[in-house]
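Novice: After the sequence you'll find the predicted model.
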Amino acid sequence: RDVAALDFADTEQRGNAAFMLEALKLQDVSLKRLTPALYEDPAFWLSVVKELPHGWSLAYEQGPVSLRDNVEVMLEAVKRNVDVLEYGTARVRADAS
């Protein structure tokens, strides 16, 4: 359960969405070990929002700014906490409401 062990994982593993989602379920700090490509992947963040009780918070407080303009991820996050709309762009807020 030591997130430092992820430092020894190769780039392929740290870029594997399923592997890193499981790591996130253990410790939020695992986000710091994502590859840049996975960090920017909206499909990964959609999984985070769907599978972690606080995934919406992780996505919008620690995820990439680009999520603020992603309607699909925002709609899923709103199902969990409507207050997440404050993070969305004007376009996304209009689409989500």
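Specialist: Thanks, I have it. Numbers count the residues shown, from 1 in each chain.

Novice: Tell me the gap between stretch 16-32 and the middle of its chain.
Specialist: Put simply, stretch 16-32 sits 10 Å off its chain's centre (Cα atoms, centre = their mean, to the nearest Å).

Novice: Report the mean confidence score over that stretch.
Specialist: For stretch 16-32, the mean per-residue pLDDT is 93.

Novice: what's that stretch in contact with?
Specialist: When contacts are defined by Cβ atoms under 8 Å, 6 or more residues apart in numbering, stretch 16-32 is touched by residues 1, 3, 6, 9, 13-14, 33-34, 38-39, 41, 43-44, 47-48, 51-52, 58, 62. For glycine as for every other residue, the C-beta is placed from the backbone atoms N, C-alpha and C.

Novice: Endpoint to endpoint, stretch 32-45 covers what distance?
Specialist: Distance between the two ends of stretch 32-45: 14 Å, counting by Cα to Cα, to the nearest Å.

Novice: Give me the buried positions along it.
Specialist: Along stretch 32-45, these residues count as buried under the neighbour rule (16 or more other Cβ atoms under 10 Å): 33, 34, 38, 39, 41, 42, 44, 45.

Novice: Does the second one touch residue 11 like I think?
Specialist: Translated: residue 34. No - in this structure residue 34 lies outside contact range of residue 11 using Cβ atoms under 8 Å: 10.5 Å.

Novice: Number of residues surrounding residue 90?
Specialist: The number of residues packed around residue 90, counting by other Cβ atoms under 10 Å, is 8.

Novice: So it versus residue 11, what's the distance?
Specialist: Going from residue 90 to residue 11 by Cβ to Cβ, to the nearest Å gives 37 Å.

Novice: Okay, now the unreliable bits of the protein?
Specialist: Low-confidence segments of the chain (pLDDT under 70): 1-3, 97.
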